[in-house]
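K.L.:
Pasting a predicted model and its sequence here:
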Number of protein chains: 2
Amino acid sequence: MEINPLKLENQLCFPLYACAKEVVRQYKPFLDEIGLTYTQYITMMVMWEEKSMNVKTLGERLYLDSGTLTPLLKKLEKQGLIIRQRSTEDERNVIVTISEEGENLRQKAVEIPLKLGSCIPIAMEEVQTLYVLLYKILGSINKQDCTDKK
Amino acid sequence: MEINPLKLENQLCFPLYACAKEVVRQYKPFLDEIGLTYTQYITMMVMWEEKSMNVKTLGERLYLDSGTLTPLLKKLEKQGLIIRQRSTEDERNVIVTISEEGENLRQKAVEIPLKLGSCIPIAMEEVQTLYVLLYKILGSINKQDCTDKK
DNA sequence: CTTTTTAAAATTGCATACAATTTAATTTTA
DNA sequence: TAAAATTAAATTGTATGCAATTTTAAAAAG
């Protein structure tokens, strides 16, 4: 009984990739109502919690770089949800701060996680298991570059 | 003890989204060696297995639509890895067939899953658990549109 | 104190993703 | 059978993602 190492469904990566895409897609109708994309939504989630932080730190939290964040933050600023300003202490840093309007949006967003939960019929303990495993993988990646492994 | 429903780390979706992104990123150095992107790689994986199929079926397998696949398949065709041709039976269908060169590429790709495995330090049984849960979610999504849930 | 190095954003270029629309072909209906 | 509905790809437009480069500022080295 030979196992095909290149069969799509034998890879862990593929269900991860597909599942993430499909779950994110479930958010769309709800996010449309508040005028955010998914990436903008997770960015606002950090802003609702932190109120203010620089692009670098925000990127570490979201696993995104400035190439993605810069244009995204400009859009959020144009929508009036955040303010971007150079730090006076260290002018290399751009500080992102949530605006009044951004704070207000939180009220409309607060129901979304619950609504999404009902879209994904999975037991709480399974969610917990999944959650722990995903963070385990996330934590172990980036620790080392495995390309130079002999 | 209040739980913040909008805290980034309390969402299942975020670790899923971030983990998928980071794991896919780990493939890059290996895929660079054979000249494929990740999406092209999973497409070739299906082609190596199926040899020939139409765009629609390929899309169902990969959870991708023609908007993504059409340009991607054109690039693979330009690289000589596949052949695209309209079905003579039903001219709405485009049949994608693997080429000789595409078949040959499999030899170079076959080591990739193993190499990746060593980048992700996680026990086999955990992989299995994760795998089952991800497919459970994937299977339950698309069954129903949950927006109209009262 | 000047040069070099490092660091943070921004920019550039390429490759997805996906909703929405269009086009062309096939099926179903009336 | 002719019109209407459905279907498969392709096209269009918008929004990521990310590697690589550039720009500007701060820190470290000599």
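P.N.:
Cool, the structure landed.
K.L.:
For the spatially most central residue of chain A, which residues are in contact?
P.N.:
Residue closest to the average C-alpha location in chain A (Cα atoms, centre = their mean): residue A:42, at 4.5 Å. The neighbourhood of residue A:42, defined by Cβ atoms under 8 Å, 6 or more residues apart in numbering or on different chains, consists of A:62, B:8, B:14, B:17. Placement of C-beta: from N, CA and C, glycine included.
K.L.:
Counting neighbours, which of these comes out on top?
P.N.:
Neighbour counts for the contacts of residue A:42 were taken using other Cβ atoms under 10 Å in any protein chain shown; the highest belongs to residue B:14, with 26 neighbours.
K.L.:
ok, it to residue A:21 distance?
P.N.:
14 Å (Cβ to Cβ, to the nearest Å).
K.L.:
thinking again about what came up before, determine which two of the contacts of residue A:42 are furthest apart.
P.N.:
In these, two members sit farther apart than any others by Cβ to Cβ. They are B:8 and B:17, at 10.3 Å.
K.L.:
can you pull the buried residues of stretch A:96-115?
P.N.:
Judged by neighbour count using 16 or more other Cβ atoms under 10 Å in any protein chain shown, the buried positions of stretch A:96-115 are A:96, A:98, A:99, A:102, A:105, A:106, A:109, A:112, A:113.
K.L.:
How about stretch A:43-52?
P.N.:
Taking 16+ other Cβ under 10 Å as the basis for neighbour counts, the residues of stretch A:43-52 that come out buried are A:43, A:44, A:45, A:46, A:47, A:48, A:49.
K.L.:
Now the last one. Nearest residue, chain neighbours left out?
P.N.:
If the residues on either side of it in the chain are set aside, residue A:49 comes closest to residue B:7, at 5.9 Å by Cβ to Cβ, 6 or more residues apart in numbering or on different chains.
K.L.:
From residue A:45, how far out is the one you found?
P.N.:
Relative to residue A:45, residue B:7 is positioned 7 Å away (criterion: Cβ to Cβ).
K.L.:
do residue A:36 as well
P.N.:
Between residue A:36 and residue A:45 the computed distance is 10 Å (Cβ to Cβ).
K.L.:
ok, now residue A:93?
P.N.:
Relative to residue A:45, and taking Cβ to Cβ, residue A:93 is found at 21 Å.
K.L.:
Please say whether there is contact between stretch A:101-112 and chain B.
P.N.:
Yes: residues of stretch A:101-112 are located near chain B by Cβ under 8 Å from any Cβ of the partner chain, namely A:106, A:109, A:110, A:112.
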